[in-house]
Each structure stands twice: as C-alpha cells, then as structure tokens.
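Chemist: Sequence and predicted structure below; questions after.
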Amino acid sequence: MKQILTIAMLTALLAACKKDQYYLYNDTARLQFGPAADRIYTVSFEMADTVKPYTFYYEPAAVTEDTVYFDIYAIGGVSGKDRPFTLEQVALEGVENAVPGVHYKPFSDPALKDLYVIKAGKVHDSVPVILLRDPSLKNKNVQLQIQVKANEHFQPGEVRKLWRRVDFTDMLSQPAAWNASAVQYYWGKYSRVKHSFMIEQTGEKWDQEFLVFVNTDYALLTFWRLKLRTLLTDYNNAHPGEPLTDETGETVVFP
C-alpha cells in the first residue's frame, strides 16, 4: 500500500512540475516569442529565429539605422483593448554588448511606445528592434539580447521562449543561411576572405537573401559552385605559390 501511495505522490509531483514549467495559460495573460505566424504549428520551427545576424555592410553610407523583427505572442486569449508590453536588454558575459542609444534605440524611448503593443483582438505581433549604425561597428560585432519583462498586462510565458538576440556589425559577416550544415556542405567553411572573394569575383552580394535564393534552386547551386571553383583556380594560377588564404591563414577552398 505504501508503494502505491509513493508512486501516486511521485506521479502527482511530476505532473505539477510539468504544469508549472509550461503553464496552463489560464491564470493570467502571458507573453513569449515564437516563429513566424505561418509556422506556428510546425514543431521544427518552434525555436527558429532565436538569434539573427545582421550587417550594415551592404547598405549605402546614408543609411544610419535599420530594423530587424521578431514574432511575439500573447498567451491566454485576446483582449478587447490594446495591451502594451515591456522588453528589456540582458547583458551577456564574454561578448561585446550593444549600448542603448548608441547601437540601438532603447525600448523605453517614448517615441517607440506605440510599437510595443498587442492590439485589441490580436494575439500576435512583430517586434521591431531598431539598430543604429554607430562607427564602432566598422571594427566589431555587438550582441543585443532582449527578453520579455512583466508589466501590468503580461507575465512572462514559457521560459525558453522569453528571449531573442541580434548579433550585428557594419563589417562583412556570415549570413544566417550559411550556418546550416547542409549549406556548408556546398560552400564550405565560412571566412570573410572567402565571402569577399565571392562578392568581388561575381558582382553578387552573397547576402542572406541571395544565399537563400541560390540554395533553393539546384540548377543555380550547381552553376555557382562550378563558377566559384573556376574563379578560385584562375586566381591561384595567377598567383603561383600564393593561393588565396583566409583571415586565419587557411587556404580558401570550395567543396
């Protein structure tokens, strides 16, 4: 009998822990990040876009700011009135953290208050993060990690979905589409030297948009792989004994 009671108590405890971890979302309105609205029911995209790389590198000098967006969701049903929400920066250890007012517009800026609202009758919105093109970004990357903060309208939702991060710079940087192992199979290890070579030799940006476009078309993928191998061979032949090497000293290759 004691064994049965023990098992029953453990089962109840585990159920309670699971309930606390994921919430029933009927106690109060909660807020959390998520994937794009058209992917909300696709499990593989549940944690998509947690970290977004961005660079001002491709933009004209006149562009002094730009915006990246994250999807955010109110859990617990709709409301008949607009519900402002609150975000805050979280300082990360071991990295260069973005400075509010220098690298991005602070979420507390009164001019932005209307941007951080779940509208009446809605449970989803896009969160704008306004990045500033500070001259310091010419020489470094900075990280901006944001998270949901409780206010009078919302409590935080599921713990692992409370944050998002932007890694940004004004230097040539690795597009997000190059991060996937399947993509690296085609283009090889990323380096700024390789990336710069691809841009200079082909006249294409090889940014996020172009990479996604090429990677989803097998004919284009095959064409550009062969083209870049040929261009690299031509370069190395024109520089005997001095093959193209990247910023780490490794010889640049295309698989």
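Modeler: Sure thing, it's come through.
Chemist: When you work out contacts or count neighbours from here on, use the C-alpha atoms and nothing else.
Modeler: Will do.
Chemist: The residue nearest in space to the middle of the chain: which element?
Modeler: In the chain, the residue lying closest to the centroid (CA atoms, centre = their mean) is K52, at 2.0 Å. Element membership for K52 (DSSP states H and E) is strand 51-55.
Chemist: quick one: strands adjacent to that strand?
Modeler: strand 163-169 (parallel) (DSSP bridges).
Chemist: Put the alpha carbons of the strand it pairs with into CSV.
Modeler: This file holds the C-alpha atoms of strand 163-169, laid out as CSV (Å, rounded to 0.1, in the frame of the first residue of the first chain):
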residue,chain,number,x,y,z
TRP,A,163,14.4,35.8,-25.3
ARG,A,164,15.8,36.8,-28.7
ARG,A,165,19.2,38.1,-29.8
VAL,A,166,20.6,40.2,-32.6
ASP,A,167,24.3,39.9,-33.5
PHE,A,168,25.2,42.9,-35.6
THR,A,169,28.0,44.8,-37.2
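Chemist: what's it in contact with?
Modeler: Residues from elsewhere that reach strand 163-169, judged by CA atoms under 8 Å, 6 or more residues apart in numbering: 32-33, 49-57, 70, 137-148.
Chemist: Low-confidence stretches in the stretch 1-150 of the chain?
Modeler: Flagging of the stretch 1-150 of the chain using pLDDT under 70 yields the residue ranges 1-27, 42-44.
Chemist: Do a quick rundown of the helices in it.
Modeler: 2-22 (DSSP state H, counting those that start in this stretch).
Chemist: can you pull out the strands in it?
Modeler: Taking DSSP state E, counting those that start in this stretch, the strands of the stretch 1-150 of the chain run over residues 30-34, 51-55, 65-75, 83-84, 86-90, 117-118, 124-132, 142-149.
Chemist: Mind giving me the packing neighbours of the third one?
Modeler: Strand 65-75 makes packing contacts with strand 30-34, strand 124-132 when contacts are defined by 3 or more CA pairs under 8 Å, 6 or more residues apart in numbering; DSSP states H and E.
Chemist: Which strands and helices lie in contact with the first one?
Modeler: I take that to be strand 30-34. Strand 30-34 packs on strand 65-75, strand 155-156, strand 163-169, going by 3+ CA pairs under 8 Å, 6+ apart.
Chemist: circling back to that earlier point, looking at the helices and strands packed on strand 65-75, which one is packed in the most?
Modeler: Neighbour counts (mean count of other CA atoms under 10 Å) averaged over each of these peak at strand 30-34, with a mean of 25.
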